[in-house]
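# no sequence for this one, just the structure:
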Ligand code: GDP
């Protein structure tokens, strides 16, 4: 059979050997096997492990429509460290009249001093502001298992016999979550995991039987273009994504001072009384303080070197910095650089300018911690 006619026996996707992260990838060395399985189905079958592949917009819309038409419980996973960047575009449309549980993942990255109740309220309010009120909010670490018992119990309670759809953007930890859920709660043998071709799309939904009548469906991750992750190489991502609990760095700044967050973010304290700025970024990310009047020159000279990432050879490929102006009044606020981290600014009138590569979300919110 010609290679371009081959399909994966597991999911029916057209086989290709060019893009290891794409749908239907089979390494050249495995093309001659009798039963050809794509990388995703291979991992599912042999390791009971779920991997996500990116999905085209048409397929995504089709799946959304079908979920909205189904009577089910929706579990939406977001990355607590990048709420705006991981908010699912079209969540309202996707969920229809169904109940939604909002799950904030990667709680292990936040300092232990984080007030969980406040954080949950903030997530609840923010999702309402973004147009989708949720039924309940949970904080978990799919990596360490924290909060998973409580969530599993709540899913069982809220679903009242219905199917469950787990949805989320790429990078929020959805695969990690599903894999843990299976290992931890279903005492999973791989035969309860099946894939069923989703009608009209190139991709199967992976489903896990819950009770004979209903199933839990893992849906494809959706790309949110506002995520910083899309602009960075794997190597650069390693330096920006926090891996362990964040240790905040505190800077006492007077006005006309600037902070750089490697070469990926910048915050100018334009005017206001001197105060502390608390930076929540990966412990490995370099923070540099300078005078506002020298900031442009410091950036030009040092981006890709002292201010790294971006790596030197890529600095010209990153979109140029875009400026966002903010006014602080009598509330403690966080200036958020989507996917990178945030800076907590003490209350009192102040003028700030924040910069990030064009396309990366920069916003201000009531302080979380
Ligand atoms: P998906 O694209 O949503 O399926 O995300 P993955 O499960 O592949 O996870 C994306 C990245 O986040 C990986 O580097 C994971 O190791 C990491 N990750 C997932 N869950 C957690 C968590 O609870 N805590 C931390 N610190 N990292 C996590």
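Ah, there it is. Note that the structure is predicted; figures quoted are calculated from it, not measured.

# Where does the stretch 201-350 of the chain get nearest to the ligand, which residue?
Shortest the stretch 201-350 of the chain-to-the ligand distance, computed as C-beta to the nearest ligand atom: residue-wise this is residue 221, at 4.5 Å. Just so you know, the C-beta spots here come from the backbone N, C-alpha and C atoms, and that holds for glycine as well.

# what does the stretch 101-250 of the chain give?
Proximity to the ligand, evaluated over the stretch 101-250 of the chain using C-beta to the nearest ligand atom, is greatest for residue 173 at 2.8 Å.

# Residue 78 is in contact with that residue, correct?
No: at 9.4 Å, residue 173 and residue 78 do not qualify as touching, with contact defined as C-beta atoms under 8 Å.

# which residues are in contact with both of the two?
residue 105 (C-beta atoms under 8 Å, 6 or more residues apart in numbering).

# Those two: which is more packed in?
residue 78 (26 against 23; other C-beta atoms under 10 Å).

# On the strand side of things, show who the more buried one bridges to.
When bridges are assigned using DSSP bridges, the partners listed for residue 78 are residue 104.

# State the distance from it to residue 42.
For residue 78, the distance to residue 42 (C-beta to C-beta, to the nearest Å) stands at 29 Å.

# residue ranges for the helices of the stretch 1-150 of the chain, please.
When secondary structure is read from DSSP state H, counting those that start in this stretch, the stretch 1-150 of the chain shows helices at 39-47, 57-68, 91-95, 116-129, 148-159.

# I'd like to know which of the ones you listed lies nearest to residue 322.
The closest approach between residue 322 and any of the helices of the stretch 1-150 of the chain, judged by C-beta to C-beta, belongs to helix 116-129 at 22.4 Å.

# elements contacting the closest one?
The contact analysis (3 or more C-beta pairs under 8 Å, 6 or more residues apart in numbering; DSSP states H and E) places helix 116-129 against strand 100-105, strand 136-139, strand 362-366.

# Would the first one count as contacting the ligand?
Spelled out, that is strand 100-105. Yes: Strand 100-105 lies within reach of the ligand by C-beta under 6 Å from any ligand atom, at residue 105.

# so that strand versus helix 116-129, what angle?
Angle of strand 100-105 versus helix 116-129, following axes from the mean of the first three to the mean of the last three C-alpha atoms, to 10 degrees, is 130 degrees.

# From the contact counts, what lies against strand 100-105?
Using 3+ C-beta pairs under 8 Å, 6+ apart as the contact definition, the elements that strand 100-105 packs against are strand 72-79, helix 116-129, strand 136-139, helix 148-159, helix 174-181.

# Show me what the first one is packed against.
This points to strand 72-79. Packing partners of strand 72-79 (3+ C-beta pairs under 8 Å, 6+ apart): helix 91-95, strand 100-105, helix 148-159, strand 163-168.

# now these as CSV including distance to residue 140?
As requested, the helices and strands packed on strand 72-79 are exported to CSV (distance: least, C-beta to C-beta, whole Å):
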stretch, distance to residue 140
helix 91-95, 19
strand 100-105, 6
helix 148-159, 6
strand 163-168, 12
